[in-house]
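> Model the following, please.
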Amino acid sequence: MNAPAPGELLLMVSPRWEHSSILNLVAWLASRGPVSVIDASGGFDAHQLAHLVRQQTQHHIQALSQIHLARAQNGAHLLKLLKSTPSSTAPLLVIDLLSVFYEEPASSAECYRMLGIAVGQLNRLRRYAPVALSIHPPRVLPADRIGMLEVILEIVDRIEFLEHPPADRRPPRLP
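Okay, here's the model as predicted:
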């Protein structure tokens, strides 16, 4: 997988169980500078990330301190986190972006409204830095929210399908 370039919005599509490629990207980016991560599903594995960082750099304490991690509890909280993320050159990764909207108890119309605001924030942030989003197939997809994936597909520059764990653990390549 190639790391996203500044100004690029990368979409990583993977099975629900596959987080190692995403965490490997976070580790690789953190070994090079600050990185922001928003976990929208609660699936972030800090122990695995620490292990990956130790594999990539001798300066693992410094690299781990470069990671700014936040957990979005629901759609409104995700919007708050995105709005409060400063426009900077630090890469941003949003893990399992759509899960908060699929599981949101609010009406479908409200979820689409929040997703539209989130898209606006992602477009703001990508002007300054690389942005990567991951999505996983939902356990249950409400019929009235099927179009949410289409909303995301309209704004991404590149899609990576992460169907299997990488055969080796090489860091991502820069474009």
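
> just the helices in the protein please.
Taking DSSP state H, the helices of the chain run over residues 20-30, 46-56, 60-65, 75-84, 99-102, 108-126, 148-153.

> and those helices as CSV, adding mean pLDDT?
Formatted as CSV, those follow (pLDDT from 0 to 100):
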stretch, mean pLDDT
helix 20-30, 90
helix 46-56, 91
helix 60-65, 93
helix 75-84, 97
helix 99-102, 91
helix 108-126, 96
helix 148-153, 94
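
> do you know which of those helices lies nearest residue 92?
Residue 92 lies closest to helix 108-126 among the helices of the chain, at 5.5 Å (CB to CB). Glycine gets a C-beta too; all of them are placed from N, C-alpha and C.

> Only alpha carbons, please: show the closest one as CSV.
Output of helix 108-126 as CSV, limited to C-alpha atoms (Å, rounded to 0.1, in the frame of the first residue of the first chain):
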residue,chain,number,x,y,z
SER,A,108,-31.5,8.5,8.3
ALA,A,109,-32.0,12.1,7.1
GLU,A,110,-30.0,13.3,10.1
CYS,A,111,-27.2,10.8,9.5
TYR,A,112,-26.9,11.9,5.9
ARG,A,113,-26.8,15.5,7.0
MET,A,114,-24.0,14.7,9.5
LEU,A,115,-22.1,12.7,6.8
GLY,A,116,-22.3,15.7,4.5
ILE,A,117,-20.8,17.9,7.2
ALA,A,118,-18.1,15.3,7.8
VAL,A,119,-17.3,15.3,4.1
GLY,A,120,-16.9,19.0,4.1
GLN,A,121,-14.5,18.8,7.1
LEU,A,122,-12.5,16.0,5.3
ASN,A,123,-12.2,18.2,2.2
ARG,A,124,-11.0,21.1,4.4
LEU,A,125,-8.3,18.9,6.0
ARG,A,126,-7.1,17.3,2.8
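
> and residue 79, how many residues sit next to it?
By other CB atoms under 10 Å, the residues close to residue 79 number 19.
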